[in-house]
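**Q** Here is a sequence with its predicted model. Questions after.
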Amino acid sequence: MLNYDELLKVFDSRLVKLQFQVAVTSLGYEADKYFTKYLGRFVSFHLVERSPAKKEQVPVGQGSIDMKRLVAAAKTGGSTDYFLEMPLDLRKPNVPYLKELKAWKEKASASAALKSLSRPFRTHDPTLRGSWGPEGSRLLS
C-alpha cells in the first residue's frame, strides 16, 4: 500500500497536488505535520472527525483532532479548501463549531505567527452562510 510520503516522492511537485484525507489520522498520520512538511502539495482536505473512544465519526471539534492546529497548518501549507465529509445527520451539529473556528481564525490573523490565516479559506459546506467565492464555494473570511 502506498502512503503519502511515497506518493509525494514519486510525483513531480510542479505537476501533482493532492487532497489530504483527514480520516487517515485514525491510522496514525498527523495531518498538521504533512501540511507543513510538504508545503504547497495539499491544496485541499476532507475534514472529518472521529472519536477514538466511540470508534465512530463525530461532529468536528468533538473528536481527538486539534482543529485549530490543523487549520493553521493547512493554511501555512497552502490549502485553500476543505470539504466536510460526513453523513447528513452529522452536518448540522458542525455549524456552530465551524463558526467558532472561523472567529478564532479571524482573531488569530493579527498574530505574526499565524499571518497565513488571514487569506480567505473556502468551504464547500452549503450549511454555512458566507459570501460566495470561486467555483461556487463559500468564503470563511
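**A** Done, it's in.
**Q** number of nearby residues for the closest residue to residue 56 other than its chain neighbours?
**A** Among residues not flanking residue 56 along the chain, residue 50 sits closest, at 6.9 Å (C-beta to C-beta, 6 or more residues apart in numbering). Just so you know, the C-beta spots here come from the backbone N, C-alpha and C atoms, and that holds for glycine as well. Residue 50 has 18 neighbours, counted by other C-beta atoms under 10 Å.
**Q** what about residue 50, distance to residue 74?
**A** Separation of residue 50 from residue 74 (C-beta to C-beta, to the nearest Å): 18 Å.
**Q** Can you list the residue ranges for helices in the protein?
**A** 4-10, 31-37, 67-77, 88-91, 94-108 (DSSP state H).
**Q** What is the neighbour count of residue 42?
**A** Residues lying near residue 42 (other C-beta under 10 Å) number 22.
**Q** Next, the contact list for it, please.
**A** 17, 18, 19, 20, 34, 35, 74, 77, 78, 79 (C-beta atoms under 8 Å, 6 or more residues apart in numbering).
**Q** how near is the closest residue in space to residue 69 that isn't next to it in sequence to residue 20?
**A** The shortest distance from residue 69 to any non-neighbouring residue, by C-beta to C-beta, 6+ apart, is to residue 32 (5.1 Å). The gap separating residue 32 from residue 20 is 10 Å, by C-beta to C-beta.
**Q** how about low-confidence regions in the chain?
**A** The chain contains residues with pLDDT under 70 at 1-2, 104-141.
**Q** orientation of the longest strand seen in the chain relative to helix 67-77 in degrees?
**A** For the chain, the longest strand by residue count, based on DSSP state E, is strand 42-47. Note on geometry: by axes from the mean of the first three to the mean of the last three C-alpha atoms, to 10 degrees, strand 42-47 and helix 67-77 are set 160 degrees apart in direction.
**Q** Residue 17 reaches residue 39, doesn't it?
**A** No. Counting by C-beta atoms under 8 Å, residue 17 sits too far from residue 39 to count as a contact (11.5 Å).
**Q** Which one's more surrounded, those two?
**A** The neighbour comparison of residue 17 against residue 39 (other C-beta under 10 Å) goes to residue 17, with 14 against 11.
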